[in-house]
Every structure is written in structure tokens, then in C-alpha cells.
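would you be able to build a 3D model of this:
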Amino acid sequence: MAEIKTNVMRILEQHKIAYTAHEYPHGKEAADGLTVAAMLGQDPAHVFKTLVAKGKSGGYYVFVIPVAAALDLKKAAKAVREKAVEMVHVKDLLPLTGYVRGGCSPVGMKKAYPTVFDKTAETVPTILVSAGKIGFQIETDPAALIALVRGKTEEITIPAQPDGDA
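Sure, this is the predicted structure:
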């Protein structure tokens, strides 16, 4: 099988950022992040999902959080100095970012949006994010990834609830 190289991988190579590509089986629909982590045999604390939100001011923001966590919209708004933020609709994702749901990466979006990583990104030795295509992830140094997208880290998640029990 020919090795697939995504735009995200090309950008990392241009910036001389080492990464490991991971591929997982997939259908047309994206798998949830916990499933992706399990398929790759990875600790979910290292696997991050990329979310896009719109602020009250009309600006767009990117939030990168562990797959087992949920975005705290109040903390997210505070992190980007907005009164409030709300998730963008799935149908708006492709025109805004160039990516589809499940293949959205903080690297290589159509525009460079302010990007905030959950603070836990500083505590993991490597971070996995989408490689820009469903079925593909890249694993790299969190500090290098954050610097590449000119991101910052803040506490922006709600702790995951084990098995949905509060």
C-alpha cells in the first residue's frame, strides 16, 4: 500500500518537526476519539481532538482537547477573551477550515485561527492529533505542535465523567 502523505505531514516536514504517522481503519463516518485511541493502542490522555468555535464577536477559535474530555465553553471563552463561544455547525467546518469532521487538524487550516490547547498537553510526552484526513493521526512533541500553530495552553475542559456517572 502506498504511504499516504497529508498536507499536515508536509507542513510538519517543512518545519522540520519530527512526527510518527498512524493509520486506523475507518468508514465514511468519523469514529469518536476514544475509539480512535483504542484502535491505535494509545492512551486517550495523549490523543487530542480539534474543535472549532465561534465567539460572540464573530471571530473563530480552535480548541485542542483530550478525546475523553469535553470543552468547557465558559473556560474556552475566557481563554480567548470572548463573552461567549459556541461550537460551529458541522456543515460550516469544511468551508472554514478545509477539513471535515473527524479529520480536523490544528495544523494547516485555511486560515490561522487563535488556537488553545488544553493545559494537559504540557504533561504528555507526545500528542496525537488528526493528520487532516479521517483514518490518519500524527504523533509529535506537544511543545513543537503548539509553537507551530502559535497556540497557547489553558485549562479549557470539563473533567471526563467515567462511564457517564457523575
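
where in this structure is the helix or strand with the lowest mean pLDDT?
Across the helices and strands of the chain, mean confidence by mean pLDDT, DSSP states H and E is lowest for helix 33-40: a mean of 91.

any idea what the most centrally placed residue in the chain is bridged to?
Residue closest to the average C-alpha location in the chain (Cα atoms, centre = their mean): residue 50, at 2.4 Å. The partner list for residue 50 in beta bridges (DSSP bridges) reads residue 64.

ends of stretch 55-67, how far apart?
22 Å (Cα to Cα, to the nearest Å).

buried residues in it?
Across stretch 55-67, burial judged by 16 or more other Cβ atoms under 10 Å covers 55, 60-67. Heads up, the C-betas are built off the backbone N, CA and C, glycines and all.

what do you get for stretch 110-130?
Buried residues in stretch 110-130, counting neighbours by 16+ other Cβ under 10 Å, are found at 113-118, 120-121, 124, 127-130.

swap in stretch 66-80?
Residues of stretch 66-80 classed as buried: 66-69, 71-73, 75-80 (neighbour count, 16+ other Cβ under 10 Å).

report the distance from it to the chain centre.
12 Å (Cα atoms, centre = their mean, to the nearest Å).
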